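Colleague: 3D, please:
(chains A and B)
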Amino acid sequence: MDLARTARTEALRAEARAWLRDHVPARPLPSLETGEGFAAHREWEALLHTGRWSAVSWPKEYGGRGADLFGWLAFEEEYWAAGAPGRVSQNGISLLAPTLLAHGTAEQRARVLPSMASGEVIWAQAWSEPEAGSDLAALRSRAVRAEGGWLLSGQKTWSSRAAFADRAFGVFRTDPGAAKPHHGLTYLMFGLRAEGVTVRPIRRLDGKPAFAEIFLDEVFVPDEDVIGEPGQGWRIAMSATGDERGLTLRSPGRFLAAAGRLAELWREAGDPADTALRDRVADAVIGARAYQLFTAASASRFAAGASLGPESSLNKVFWSHYDIALHETALDLLGPDAEAADGAWAQGYVFALAGPIYAGTNEIQRDIIAERLLGLPKGRR
Amino acid sequence: MRFLLDDEQREFGRSLDAMLTAAGTPSVLRAWAAGDHGPGRVLWGRLADAGVFALAVPEAYGGLGPLPVELAVACVELGRHAVPGPVAETLAAGVLLGGAGGAVAEEWLPGIASGTAVVSLVLDGHGPYALDADAADAVFTVTGDELRLAPGPGELSASADPARRRFRPPAGGEVMAAGPRVGESARAAADRATFATAALALGCGEELLRATVAYVKQRTQFGVPVGSFQAVKHRLADTLLGLEFARPLLYGAAVELAGRSPGAGAAVAAAKVTAGEAGYAAARTALQSHGAVGYTQELDLAWWLRRARPLRDAWGTPSACRARVLAG
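Modeller: This is a model prediction of the structure:
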């Protein structure tokens, strides 16, 4: 058992650190949930790509560096420690790309991945529907066979980044007569500016259009944009959520950097007599380390050939709860200044509030933990 | 990086678990709480034969140590089975006496490694009590830079866990070693006791969760197992979450101790507060999920329920540990 870093990982870390030092914008970019900010973040993705830093874990042929999980973790630590911008391409890079690498064709990978890496095409996710949230398998949007492809109709909602993104990916019902709700679904990609698509931005709690509804009226999708076999969409979508996603949705580097900034804020602005607040700052520091080490153990198991499966639910509940507690602690430290809506901590707080809801609510994750990790019986939800 | 136990370490844990399961600790605990240390000392002998106490004793004195990862593996199992006796104290004495060196090390360390010597400790900054001093062959106290052999166990003071018998040794006793090395070794020993207690707390919490999961699967109300209710399931899920995120901190601290990292003390403190809180949360979940019968001595579960909170507070309260983490 060790925490030793290989020379390869450390070389990648050093190179990333040097590049980020020279390129990270001196001032924070405008919020990526605004039109102006989205464009600025797209430019940042292009700059990252010129240094081959936008997707370090991908194969080199698609613009990556072929880094293993430990290399990716080291890169993320450097990225967030450098105060680099949020990743507007995150949905594509952490959700669609692993799916394409596992289930896509060589042609799809060659066509989709390079423009994703460069920020030229930014992807939104299209999973939830008005009547299919936690019960995702209840989704109704359908894809009907047509000459050379499929016609999509229906409504998707809560699509992160869709207000400004170029394309989207999601799961659609192709066989309404299938025996079970999660059978007869197909995973496919479509253009958000294609004929028959209407995007209606939804304003988040702070007023920013961070997500959108997508209305689809017989939108044509060619066969080449179907991922995997028609009818296998659920299995394909879930395989991506079980493995890498559990590890790569929120990197420990992000929380280590945030906890470091919080500890700094405590040293600058904290009242040493306020031991209750001191304890919460300590918990933020401890939690970041716990998450880093938990991830190191998961990555070690993954590297040894194990699949991760339901333990990614532990990961998700932990970081989403942790992220809110960390930001609440920062806001308490700021005192009356915390109300300023444009501060970094205030913006981070609004972002963190969504964590326990998206990517499978924490209630669903706790059901998975109880049933699949503890072996408790299924019951009414 | 391979942040995983290897096959041998896992097998070590499994073999201790099997041995302690077969031994059946509840009857040992009952005897221990009544002041009969016989069955407990027999069990300690078997643990020593399995190599547990040698892990904390330097090789120069007949031990195998220090091997912090293996020590954590062992202490998790001892915690899982609520083994009575001054486990953390005896293991920490390996560090204290090994660091102090000289005649006192020669005299006591081989016995600690072989299981013939059970030792309790009182160290500066960790209160005046020596755990299970009446069962110990020696009680060492450190004040400043002086290491003394306490003249006797002193007075018994009741604990929330009847099988943790706390004594307040009288002041004085023969000085066994003195000098800056003693003070330094005492601080390292306190860290080792904190580390061992974190592992004991984690094991205690894991057993509380296991027993509770088994109970809610078989206890039915409204015609179904109570473990099928979401309110029960989610509490148990959160309990597992707490334990699962404490474990990497424990082994992370073990790796830092093994590498003599300057951050090892803070890492141990982080592991202790997290494992202590997770173990105690498991006790609260276990009590609530068992309902009224959990609030009795009818079930063996009571030994674990009463132990989780003392383990949370021993060798570093949550508040002290958090302060240590921020101090770096």
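
Colleague: now the top helix by length along chain B, how far from the centre of its chain.
Modeller: Ordering each helix of chain B by length in residues (DSSP state H) puts helix B:180-218 first. Between the centre of helix B:180-218 and the centre of its host chain there is 4 Å, according to C-alpha atoms, centre = their mean, to the nearest Å.

Colleague: With stretch B:235-255 instead?
Modeller: For stretch B:235-255, the distance to the chain centre is 16 Å (C-alpha atoms, centre = their mean).

Colleague: Just the C-alphas of that stretch, formatted as CSV.
Modeller: C-alpha atoms of stretch B:235-255 as CSV (Å, rounded to 0.1, in the frame of the first residue of the first chain):
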residue,chain,number,x,y,z
ARG,B,235,-29.9,6.4,7.5
LEU,B,236,-27.9,3.1,7.0
ALA,B,237,-26.6,4.4,3.7
ASP,B,238,-25.3,7.5,5.4
THR,B,239,-23.7,5.4,8.1
LEU,B,240,-21.9,3.4,5.5
LEU,B,241,-20.8,6.6,3.7
GLY,B,242,-19.3,7.9,7.0
LEU,B,243,-17.3,4.7,7.5
GLU,B,244,-16.2,4.3,3.9
PHE,B,245,-14.7,7.8,3.8
ALA,B,246,-13.0,7.3,7.2
ARG,B,247,-11.1,4.2,6.0
PRO,B,248,-9.0,6.0,3.4
LEU,B,249,-8.0,8.6,5.9
LEU,B,250,-6.9,5.8,8.3
TYR,B,251,-4.8,4.1,5.7
GLY,B,252,-3.5,7.4,4.3
ALA,B,253,-2.3,8.2,7.9
ALA,B,254,-0.7,4.7,8.0
VAL,B,255,1.2,5.4,4.8
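
Colleague: ok so, going back, any idea of the mean pLDDT in the longest helix of chain B?
Modeller: Average pLDDT, helix B:180-218: 98.

Colleague: quick one, strands of the chain?
Modeller: Here I'm looking at chain A. A:123-126, A:142-146, A:149-160, A:167-173, A:185-191, A:197-202, A:211-222, A:226-227 (DSSP state E).

Colleague: right idea, wrong chain: chain B
Modeller: Under DSSP E, chain B gives strands at B:119-123, B:130-131, B:138-143, B:146-149, B:155-157, B:166-168, B:174-178, B:220-221, B:224-225.

Colleague: List the neighbouring strands of the first one plus their orientation.
Modeller: Strand B:119-123 has the following strand partners under DSSP bridges: strand B:138-143 (parallel).

Colleague: mind listing what's buried in the partner strand?
Modeller: Across strand B:138-143, burial judged by 16 or more other C-beta atoms under 10 Å in any protein chain shown covers B:138, B:139, B:140, B:141, B:142. For the C-beta atoms, the positions are set from N, CA and C on the backbone; glycine is no exception.

Colleague: list the contacts for residue 37?
Modeller: Let's take chain A. A:29, A:30, A:31 (C-beta atoms under 8 Å, 6 or more residues apart in numbering or on different chains).

Colleague: ah, no, chain B please
Modeller: Residue B:37 neighbours (C-beta under 8 Å, 6+ apart): B:31, B:85, B:134, B:135.

Colleague: By neighbour count, which of those wins?
Modeller: residue B:85 (25 neighbours; other C-beta atoms under 10 Å in any protein chain shown).

Colleague: Let's see the pLDDT reported for that residue.
Modeller: 98.

Colleague: Quick check: the gap between it and residue A:220.
Modeller: 75 Å (C-beta to C-beta, to the nearest Å).

Colleague: cool, and residue A:300?
Modeller: Residue A:300 is 46 Å from residue A:220, by C-beta to C-beta.

Colleague: Greatest separation within the contacts of residue B:37: which pair is it?
Modeller: Pairwise distances across those peak at 13.4 Å for B:31 and B:134 (criterion: C-beta to C-beta).

Colleague: could I get the strands of chain B as JSON lines with distance to residue A:14?
Modeller: Formatted as JSON lines, the strands of chain B follow (distance: least, C-beta to C-beta, whole Å):
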{"stretch": "strand B:119-123", "distance to residue A:14": "42"}
{"stretch": "strand B:130-131", "distance to residue A:14": "48"}
{"stretch": "strand B:138-143", "distance to residue A:14": "44"}
{"stretch": "strand B:146-149", "distance to residue A:14": "46"}
{"stretch": "strand B:155-157", "distance to residue A:14": "56"}
{"stretch": "strand B:166-168", "distance to residue A:14": "52"}
{"stretch": "strand B:174-178", "distance to residue A:14": "46"}
{"stretch": "strand B:220-221", "distance to residue A:14": "60"}
{"stretch": "strand B:224-225", "distance to residue A:14": "55"}
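
Colleague: Out of the ones you listed, the one nearest residue A:235 is which?
Modeller: Taking the strands of chain B one by one with C-beta to C-beta, strand B:224-225 is closest: 29.9 Å.

Colleague: ok, the closest one: who's next to it in the sheet?
Modeller: Under the rule (DSSP bridges), strand B:224-225 has strand B:220-221 (antiparallel) as partners.

Colleague: what does the strand it pairs with rub up against?
Modeller: residue B:226.

Colleague: gap between it and the chain center?
Modeller: That offset, for strand B:220-221, works out to 36 Å (C-alpha atoms, centre = their mean).

Colleague: quick one on the thing from earlier: how about the contacts of residue B:37 in a markdown table, adding distance to chain A?
Modeller: As requested, the contacts of residue B:37 are arranged in a markdown table below (distance: C-beta to the nearest C-beta, whole Å):
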| residue | distance to chain A |
| --- | --- |
| B:31 | 33 |
| B:85 | 27 |
| B:134 | 36 |
| B:135 | 33 |
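
Colleague: Can you tell me which of the residues you listed is nearest residue A:289?
Modeller: residue B:85 (31.4 Å).

Colleague: Pretty sure that closest one sits against residue B:40.
Modeller: Yes: between residue B:85 and residue B:40 there is a contact under C-beta atoms under 8 Å: 5.6 Å.

Colleague: any shared contact partners between these two?
Modeller: B:32, B:135.

Colleague: Might you report the residue contacts of the closest residue to residue B:122 other than its chain neighbours?
Modeller: Nearest residue to residue B:122 in three dimensions, chain neighbours excluded: residue B:141, at 4.3 Å (C-beta to C-beta, 6 or more residues apart in numbering or on different chains). Contact partners of residue B:141, counting by C-beta under 8 Å, 6+ apart, are B:121, B:122, B:123, B:130, B:147, B:148, B:150, B:169, B:173.

Colleague: now the second one: how far from residue B:167?
Modeller: Remark: distance between residue B:122 and residue B:167 (C-beta to C-beta) = 9 Å.

Colleague: Find the residues that touch each one of the two.
Modeller: B:129, B:130, B:139.

Colleague: contacts for stretch A:283-292?
Modeller: By C-beta under 8 Å, 6+ apart, the list of residues contacting stretch A:283-292 reads A:252, A:255-256, A:258-260, A:262-263, A:318-319, A:322, A:325-326, A:329, B:245-246, B:248-249, B:252, B:267, B:270, B:273-274, B:322, B:325-326.

Colleague: ChimeraX command for the buried members of these?
Modeller: This is how ChimeraX selects the buried members of the contacts of stretch A:283-292, with burial counted by 16+ other C-beta under 10 Å:
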select /A:252,255,256,258,259,262,263,318,319,322,326,329 /B:245,246,248,249,252,267,270,273,274,322,325,326
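
Colleague: Which of the contacts of stretch A:283-292 fall within helices?
Modeller: A:252, A:255-256, A:258-260, A:262-263, A:318-319, A:322, A:325-326, A:329, B:245-246, B:248-249, B:252, B:267, B:270, B:273-274, B:322, B:325-326.

Colleague: Outline the domain layout of chain A.
Modeller: Segmentation of chain A into domains, based on automatic domain parsing, reads A:7-88, A:123-233, A:243-373.

Colleague: any idea how far the second one is from the chain center?
Modeller: The chain centre lies 18 Å from the centre of domain A:123-233; the measure is C-alpha atoms, centre = their mean.

Colleague: close to chain B, is that domain?
Modeller: No: Domain A:123-233 stays clear of chain B (C-beta under 8 Å from any C-beta of the partner chain), getting no nearer than 12.3 Å.
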